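> Compute the structure for the input listed below.
(4 chains)
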2 protein chains.
Amino acid sequence: MALERQSRLTLAGVAREAGVSAPTVSKVINGRHDVSGETRAKVLAVLARTGYKSPLQQRRTLADKPAVEVVLDSLISAYNIAVLNGIMECAVESGVEVLLHVTGIEAASPLNPDQRAQRIVDEGRCGMIVVTSAFGDAPLGAFRRRGIPVVVIDPLNPPSEDVVSIGSTDWAGGKDATTHLLELGHRRIAYLGGPDNVECNQARLHGYLAALRSHDVPVQDDYIIAGTFAADHGARGLDALLRLERPPTAIFAGNDTIALGVLAEARRRNIQVPEQLSVVGFDGTSKAEESVPALTSVAQPFQEIGRAALRTVLRQLRGEVPDSRRVELATHLVVRESTAAPR
Amino acid sequence: MALERQSRLTLAGVAREAGVSAPTVSKVINGRHDVSGETRAKVLAVLARTGYKSPLQQRRTLADKPAVEVVLDSLISAYNIAVLNGIMECAVESGVEVLLHVTGIEAASPLNPDQRAQRIVDEGRCGMIVVTSAFGDAPLGAFRRRGIPVVVIDPLNPPSEDVVSIGSTDWAGGKDATTHLLELGHRRIAYLGGPDNVECNQARLHGYLAALRSHDVPVQDDYIIAGTFAADHGARGLDALLRLERPPTAIFAGNDTIALGVLAEARRRNIQVPEQLSVVGFDGTSKAEESVPALTSVAQPFQEIGRAALRTVLRQLRGEVPDSRRVELATHLVVRESTAAPR
DNA sequence: CTGAAAGCGCTTACAG
DNA sequence: CTGAAAGCGCTTACAG
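Numbering: from 1, shown residues only, chains lettered A, B, ... in the order given. The predicted structure is shown next:
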């Protein structure tokens, strides 16, 4: 029995199937008007049933992988790079194209949220991953209305629209960091945090508070200093803490950048880390590994975050409804050289 | 006189122009091997001159906003991120889409250069910026045959094919760094370089040698250590230099990463920088600013490099012929805290 | 409206 | 290695 050659479906094949000529199918596909309604319907039916694709489309489909736009506010932040790297790893595995969009660079965009969303649609993106808080709720809604799946990674504030957000277990991470210091024997532990009103910072702070409480260490208000996620907040924070009557013996910083600011300032003052001062960061970016002394830090699972973000976009594309609007992935403490028992 | 209908350039047209048959042109474009070198060269010349585009490419160019693929080997390197940032800045201004491709992440690609190039064409890229040496000459040639402009940024080795490359004035930068140390009064200056066979490293080394010569400082062979562009080369290099009978009082490192390795090792050994040892880096990435002490470094003009790369791609798309196969943009020395007069 | 015929641009198979 | 010839898949021009 001769095996029917499994050749690709051609326009001629569609024509045969529909009982018309090839030129007629060509006209239908190209939207010519010189085709009777009846013939057109017959051809359209076959086209739909067989899923015919033009050679151009075939090459596109083979070639054109789904394209996801990743929006970051800058490439300067080690956190953003780590997340981007996680996304790229998953993108390679899933055969997804990644378009990069850096918002911090552009001049104030003249586009309103809707125009912006429309642009994304026109350019054929099939999903977005947002690693910035540059988008408020309004633009996120605009994307949603156009059926473009959007996933937000660790937004400073949780999106109120029905958008999936992915983050880390900040509370547990804050608790782990603080517990580590407590178990080393520290009792005077400061929290040099990020912005007060930012969700992930609040969670880290409350993890810190929970750890203190469970070790019966009273909270000391002047050990808690909110600020920004920048190095100079770490430097100034250390300065402020050293002026206290009883300075802390350990500092838990709201992120690695703050912690490195503490390290730099400590060095300037000839304070030995970890002998005289223990420091723990948060994020576990490459900066933590590379610093001297290497920074003990709560590592975020960047690879998993990237993977989860991309997977969620692809699942939504397939029409699946996400299990949850919010996914938190487990952090883990990486102990390096910047922490030790107090003197 | 009837105006010759300005019909699009076809493969047959290219064949006529080159004095060969259409199948031969087809073979050249598709990278078949059954074409003589002479014939191939003739056809390639015509392809380049006329800027022939396949029907698929033509449709793409009309339809989409230009999309440029940026190929990096990893996102870990501060150098790569700085270049990428420069490219993004220019991309925003020029309204160009940027697709990110990270080669270090993918498993060994099963695609040969030609298939890979074909994929890029099929996916409708109109140009490529390559910030890696993952592509040898062969794939670059494959892109060129298909009329896709490729610009290589600071390749470890200059591409021999007719591809534009963009870099920095490494020789002048190396000379500036060394002159800075000489003018501070140093005479015992080491060069802790990158790989021996890498073009930019050779240029930096020769800049170092030129500066020494013009200050009548004899070159000391054991002060010159080649290695890799990695931090541990800096650490081990410092170790080796300290074992010399007369250790150097200053080190010029082949890049910032090596320099930071020196700094870290110095710190471990309680060697004060810059009091006991001056260190100069190369690249001027954010790492140089953030280290303690902040690193004196030869800054590369990342923004200009990105801009030049993208502009060159866009110009080639418009059919302009680049002024030069090689563009070098000026570096400048940024003096920070890691250099001082010797004791 | 319809489709046989001619045409287009590229690729493949193969004789020399 | 080269290219005439055949082929492929689609589109166009046009007779009916």
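
> ok, and the closest non-adjacent residue to the residue minimising distance to the centre of chain A?
With distances taken as C-alpha atoms, centre = their mean, the residue of chain A nearest its centroid is A:Ile153 (3.3 Å). Spatial nearest neighbour of A:Ile153, excluding adjacent residues (C-beta to C-beta, 6 or more residues apart in numbering or on different chains): A:Val131 at 4.7 Å. Placement of C-beta: from N, CA and C, glycine included.

> just the helices in chain A please.
Here chain A has its helices, by DSSP state H, at A:11-18, A:22-29, A:37-50, A:55-63, A:78-94, A:113-122, A:137-145, A:170-183, A:199-214, A:231-242, A:256-268, A:286-290, A:302-317.

> Buried deepest among those helices, which one?
helix A:256-268 (a mean of 24; mean count of other C-beta atoms under 10 Å in any protein chain shown).

> quick check: mean pLDDT across it?
Averaged across helix A:256-268, pLDDT comes to 95.

> That helix and chain B, any residue contact?
Yes - interface with chain B: helix A:256-268 contributes A:Leu260, A:Leu263, A:Ala264, A:Arg267, A:Arg268 (C-beta under 8 Å from any C-beta of the partner chain).

> measure the residue of the stretch 51-200 of chain A found nearest DNA strand C to B:Asp122 for me?
Nearest residue of the stretch 51-200 of chain A to DNA strand C, counting by C-beta to the nearest atom of the strand: A:Pro55, 9.0 Å away. To B:Asp122, A:Pro55 is 11 Å away according to C-beta to C-beta, to the nearest Å.

> A:Tyr79 now?
Taking C-beta to C-beta, one finds A:Tyr79 at 35 Å from B:Asp122.

> Now do the nearest residue to A:His332 once chain neighbours are set aside, the pLDDT please.
Once flanking residues are discounted, A:His332 sits nearest to A:Ala299: 5.6 Å by C-beta to C-beta, 6+ apart. What the model reports for A:Ala299 is a pLDDT of 97.

> what's across from A:Ala299 in the sheet?
For A:Ala299, the beta-bridge partners are A:Asp283, A:His332 (DSSP bridges).

> Is it in contact with A:Gly284, as I believe?
Yes - using C-beta atoms under 8 Å, A:Ala299 is in contact with A:Gly284, at 2.8 Å.

> More neighbours: which of the two?
More neighbours surround A:Gly284 than the other of A:Ala299 and A:Gly284, with 28 against 21 (other C-beta atoms under 10 Å in any protein chain shown).

> Who are the contact partners of the more buried one?
A:Asp256, A:Ser297, A:Val298, A:Ala299, A:Gln300, A:Thr331, A:Val334 (C-beta atoms under 8 Å, 6 or more residues apart in numbering or on different chains).

> same thing but 7 Å
A:Ser297, A:Val298, A:Ala299, A:Gln300, A:Val334 (C-beta atoms under 7 Å, 6 or more residues apart in numbering or on different chains).

> Pretty sure the first one sits against A:Asp283.
Yes - A contact is recorded between A:Ser297 and A:Asp283 when judged using C-beta atoms under 7 Å, the distance being 6.4 Å.

> Mind listing the shared neighbours of these two?
A:Asp256.

> can you pull the contacts of A:Val83?
Here A:Val83 is in contact with A:Val131, A:Ile153, A:Phe302, A:Ile305, A:Gly306 (criterion: C-beta under 7 Å, 6+ apart).

> so how far is A:Ala172 from it?
To A:Ala172, A:Val83 is 19 Å away according to C-beta to C-beta.

> Tell me the pLDDT of the residue nearest to A:Ile153.
At A:Val131, pLDDT is 87.

> which residues pair with it across the strands?
Going by DSSP bridges, A:Val131 forms beta bridges with A:Leu72.

> so what's it up against?
A:Val70, A:Val71, A:Leu72, A:Asn80, A:Val83, A:Ile153.

> Just the CA trace of stretch A:154-172, in PDB.
What follows is stretch A:154-172, C-alpha atoms only, in PDB (Å, rounded to 0.1, in the frame of the first residue of the first chain):
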ATOM      1  CA  ASP A 154       7.200  42.400  42.000                       C
ATOM      2  CA  PRO A 155       5.300  45.600  41.500                       C
ATOM      3  CA  LEU A 156       6.000  48.300  44.100                       C
ATOM      4  CA  ASN A 157       2.300  48.200  44.700                       C
ATOM      5  CA  PRO A 158       0.000  45.300  43.800                       C
ATOM      6  CA  PRO A 159      -2.000  46.000  40.700                       C
ATOM      7  CA  SER A 160      -5.700  46.400  41.500                       C
ATOM      8  CA  GLU A 161      -6.800  45.400  38.000                       C
ATOM      9  CA  ASP A 162      -7.100  41.800  37.300                       C
ATOM     10  CA  VAL A 163      -3.400  41.300  36.400                       C
ATOM     11  CA  VAL A 164      -1.200  38.500  37.600                       C
ATOM     12  CA  SER A 165       1.700  39.600  39.700                       C
ATOM     13  CA  ILE A 166       4.700  37.500  40.600                       C
ATOM     14  CA  GLY A 167       7.000  38.100  43.500                       C
ATOM     15  CA  SER A 168       9.000  36.500  46.200                       C
ATOM     16  CA  THR A 169       8.100  35.500  49.800                       C
ATOM     17  CA  ASP A 170       9.300  38.800  51.100                       C
ATOM     18  CA  TRP A 171       7.900  38.300  54.600                       C
ATOM     19  CA  ALA A 172       9.500  34.900  55.000                       C
END
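
> Okay, buried residues for that stretch please.
By 16 or more other C-beta atoms under 10 Å in any protein chain shown, the buried positions in stretch A:154-172 come out as A:154-155, A:159, A:161, A:163-172.
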